[in-house]
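Peer 1: Predicted coordinates and the sequence they were generated for:
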Amino acid sequence: MELAPPDPAILARRDRIVAALKHILPDGVVADREGLAAYDGDALTAYRQAALAVVLPKTKEQVSALLRFAAEENVPIVPRGAGTSLSGGALPRGDAVLLGLGRMNRIVEIDYENRCVVAEPGVTNLAITRAVEAKGFYYAPDPSSQIACTVGGNVAENSGGIHCLKYGITTHNLMGVELALPGGERVTLGGKAFAPGGFDLLGVVAGSEGLLGVVVEATLRLMPKPPLTRTLLAAFRSVADTGQCVADIIAAGIVPAAMEFMDRRCIDAVEAYCAPGYPRDATSILIIETDGVAAEAEDAARRIAQIARAAGAYDVREAGNEAERERFWAGRKAAFPAMGRLAPDMLCMDGTIPRHALPQVLADIDRMSAKYDLAVANVFHAGDGNLHPLIVFDMMKPGELARAEAFGAEILELCVKVGGVLSGEHGIGVEKRDLMPAMFGETDLAQQQRLKCAIDTKRLFNPGKVFPTLSACVEQGHMHVHQGRVPYPNLPRM
Amino acid sequence: MGTIAVASEDDLIAAVCAARGDGRKLEIVGAGTKRRYGRPLDTSDVLDLSGLSGISSYEPEELVLTARAGTPLAEIEAALAGKQQRLGFDPADWGPLFGVPANAGTIAGALATDTSGSARIRYGAARDHLIGFRAVNGFGEAYKGGGRVVKNVTGFDLPKLMCGAMGTLGALSEVTLRLVPRAPQSVTFAVKDIVPELGLTLLRRIWATALEPTGLAYIPACASDGFADLGDIGAGAALIRIDGAREALREKRAALRAMLHGEDAIDGEDGDVLFAQIGAGAAFAGRPVDIWRIAVPPSESVATAHALAGTQWYADWAGGLFWLELSDSDQGAATRLRHIAARANGAATLLRASAATRTAIPVFPPEPQARAALTRAVKAAFDPQGLFNPGRMYEGV
């Protein structure tokens, strides 16, 4: 993809803009080349670009002052949390100020009576659970980058995770935000009451990818920790049987806390990488977790084991203790780095499909793999049909990158064709922007853009993200990894 | 002039385009059960969506259902019951509050007015269950928002915005909902002769456990007339509904008993009837009074109950929602209620009153200036000419 060329009129004013920013924020402006390099992209590593300047406010008042200045001077703004976006949501622009929220990292209030936490946007996802777990609570959305990713980024991307099958994604666990609007004015949306009234703008802000404003404070719902968790591993000799098992479990009225799928190629990769002890002769496995009061978690686990055997599982194991449970999960969480060792480069897709289409889509992906002559491994959130096919290739071989990207685009188009969507949890960003017309018609996109323009009248917030440009260059949804070097290599990837 | 009945999305587009061309305004109606909710409209034409009816697709194994906007809620609930599934937002039947027969409402009506009932504390509100829709906007264009799968972050989450918008952003033609499995059994406990301070505090304690209650309500003595089936409740009754399979329910009952001191168990079905009445404001429905709802953070429930002394009220949602009646909502009474709500960081909505009262007093919580500007901008993005339900939420919206 060609990144949009920076606006020369803004570049020409760069010195004056930087000086003004330093006046607003004496200790929080980065404008030197080395400093900007540290902020030149996010976890969509194929794209790198230095910002005009980086600003690092510490207070919401500073955010407002910066946005007021940006509006007066017509300077675009790109908000950034920890920069873990897989879709390029925080990719800087040469003509835009990158607004880093990492220094606003205080937990403002823990309110057990109302089962919520009020946090600044730069607090990490995991820090919320860490702050409340001693009292038996946790924050449910658990994106695999949760050690690094931030609350503000989670709201902007509407992040998911392994346990969203039962507990929902960010939007279902978000009670309120204080939002700094374009121009700097701040509004409160939602709050600690269940039904605050008015249009549900909170619901639109969740997942708006920084196009509507900047979250300067978020109120998050806490969940009581379930008394018991059971973890099962079921091994199959046919991918179709595995898909059937997933459908049968949901149809039986069971909503597991998590249900994860790995295919043979992925199993082999993680066995070579960290030896979690998965059945080596399986075509595919499911890792399924149930939770609740003891009888509920146990009963669901028992029924799931029966359903799995009836669907053709030849080996169904239950983790006997916490160590075994962690081993079950270790392989799943290592899938990404393990695959990264098999080939120099890799693309990670993120479509969602109706669960019943799993066997057909997996078979079609296999056929595409032969057609494009590229290996693919399947690992995904089976319970909600959120696929993460990993396409392995070698960028140094002529034509392989183009083939891999065409393969990825065909997978996402298939997802939409069977009734699914382009992105289940990574967001659109710049990565899948030009594929939006595969899912939405012109009228659909126009209505979304009207909403954007109503709130961001000057179109200064995160320009170039989510919506296709007029000069639509066809791009594919992918996360790019070169030479096994993933962004944030220490983070588990789902 | 008059009623425009539509039977297809094409009809709907034609009706909206015609109104747009003539500068006419439209009142959107499904079964017409909640026409008296919201600010009175000054419209000449009724856009009747009740003919846009029928379940388009129901995939139980996907926990997803798509239905045309005017599909009766009762038809959807019957289809779901056959597969041991339900609508997670537990829509309450507000029809009888407005003097129309029970069980008459449509699915789009329930979503547009957000009639989320008692199980909202467990499964979320209407907005948490609408995952996709088709609608016609104020430009006369049919468009779609969201999708048909539960996990979706592709583009703006417009389905959220449609819920509770009172039809002011457009006319829904089709909705896609995620569903939840129906628990095999449920049971309701009534702890009687418990004063509001203790009863409301008890609800909040139970809400903080992992028992996943699907109903937590408190009925004070002053409202006991409205719940005659409960018998003598003394100083008041705390009602707790839990569900699950047999063994799980047994375990939850034991855990709950350890927190309570003397309670009556009410059979599951009777408990469901009771909670349906609570969600429907049935205690006040037949009386010549105005009805308000005040949503507050549950921590403020006891203080709110004190502030409402002398008023007929009861509480749902773990003390997060107060239903109350006023014999006449004059300016002074409305100001007092909104002050009580504001002090608790909550919001007061006038659910039922005469047209004159709904003209004189804001029905929905008044918004601060910056927020009100945002509301108007959003309205204009969907319906710039103000074709749909003009002024139903706020003046000009």
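Peer 2: Perfect, thanks for sending it. Numbering: from 1, shown residues only, chains lettered A, B, ... in the order given.

Peer 1: Give me the most central residue, chain B.
Peer 2: Residue closest to the mean C-alpha point of chain B, counted by Cα atoms, centre = their mean, is residue B:115 at 1.5 Å.

Peer 1: what secondary structure does residue A:20 sit in?
Peer 2: At residue A:20 the chain is in helix, as set by DSSP: H, G, I helix; E, B strand; the rest coil.

Peer 1: And the residue nearest to it when sequence neighbours are not counted, how close does it get to residue A:56?
Peer 2: Nearest non-adjacent residue to residue A:20, counting by Cβ to Cβ, 6 or more residues apart in numbering or on different chains: residue A:69, 6.1 Å away. To be clear about C-beta, it is placed using only N, CA and C from the backbone, and glycine gets the same treatment. Distance of residue A:69 to residue A:56, computed by Cβ to Cβ, to the nearest Å: 15 Å.

Peer 1: Check which residues of whichever strand or helix holds residue A:368 are buried.
Peer 2: Assigned by DSSP states H and E, residue A:368 belongs to helix A:358-372. Buried residues in helix A:358-372, defined by neighbour count with 16 or more other Cβ atoms under 10 Å in any protein chain shown: A:358-359, A:361-362, A:364-365, A:368-369, A:372.

Peer 1: isn't the residue nearest to the centre of chain B right next to residue B:126, touching?
Peer 2: Yes: with contact defined as Cβ atoms under 8 Å, residue B:115 counts as touching residue B:126 (7.2 Å).

Peer 1: Which neighbours do those two have in common?
Peer 2: By Cβ atoms under 8 Å, 6 or more residues apart in numbering or on different chains, residue B:115 and residue B:126 have these common neighbours: B:89, B:91.

Peer 1: Please report how far the residue nearest to the centre of chain B lies from chain A.
Peer 2: Going from residue B:115 to chain A by Cβ to the nearest Cβ, to the nearest Å gives 11 Å.

Peer 1: Residue B:135 now?
Peer 2: Taking Cβ to the nearest Cβ, one finds residue B:135 at 9 Å from chain A.

Peer 1: wait, that residue sits on residue B:159?
Peer 2: No: here residue B:135 lies out of contact with residue B:159, judged by Cβ under 8 Å, at a distance of 9.9 Å.

Peer 1: Quick check, the residue in chain B closest to chain A?
Peer 2: residue B:160 (2.5 Å; Cβ to the nearest Cβ).

Peer 1: Once you drop chain neighbours, what's closest to that residue?
Peer 2: Counting by Cβ to Cβ, 6+ apart, residue B:160 lies nearest to residue A:203, which is 2.5 Å off, once chain neighbours are set aside.

Peer 1: List the contacts of whichever strand or helix holds the one you found.
Peer 2: Applying DSSP H and E as the criterion places residue A:203 in helix A:201-205. The contact list for helix A:201-205 (Cβ under 8 Å, 6+ apart) reads A:155, A:171, A:174, A:176-177, A:179, A:189-190, A:212-213, A:215, A:451, B:127, B:156-161, B:163, B:374, B:378.

Peer 1: next one: stretch B:244-252
Peer 2: With contact meaning Cβ under 8 Å, 6+ apart, stretch B:244-252 is reached by A:292-296, A:298-299, B:183-187, B:211, B:242-243.

Peer 1: Just the buried subset of those residues, please.
Peer 2: By neighbour count, with 16+ other Cβ under 10 Å, these hold A:292-293, A:295-296, A:298-299, B:183, B:186-187, B:211, B:242-243 as buried.

Peer 1: May I see those residues arranged in a markdown table, with pLDDT as well?
Peer 2: Below are those laid out as a markdown table (pLDDT from 0 to 100):
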| residue | pLDDT |
| --- | --- |
| A:292 | 95 |
| A:293 | 95 |
| A:295 | 95 |
| A:296 | 94 |
| A:298 | 95 |
| A:299 | 94 |
| B:183 | 93 |
| B:186 | 94 |
| B:187 | 94 |
| B:211 | 95 |
| B:242 | 96 |
| B:243 | 95 |
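
Peer 1: low-scoring stretches of chain B, by residue?
Peer 2: B:1 (pLDDT under 70).

Peer 1: What segments of it are helices?
Peer 2: With DSSP state H, the ranges of helices along chain B come out as B:9-22, B:73-81, B:107-113, B:120-123, B:158-162, B:196-207, B:246-259, B:268-279, B:282-285, B:301-307, B:331-343, B:355-360, B:369-382.

Peer 1: who wins for proximity to residue A:22 among those?
Peer 2: helix B:369-382 (28.3 Å; Cβ to Cβ).

Peer 1: and residue B:52, how many neighbours does it have?
Peer 2: 25 (other Cβ atoms under 10 Å in any protein chain shown).

Peer 1: which bits of the stretch 201-350 of chain A sit near chain B?
Peer 2: Residues of the stretch 201-350 of chain A lying near chain B by Cβ under 8 Å from any Cβ of the partner chain: A:201-204, A:206-208, A:224-227, A:247-248, A:250-251, A:253-255, A:292-296, A:298-299.
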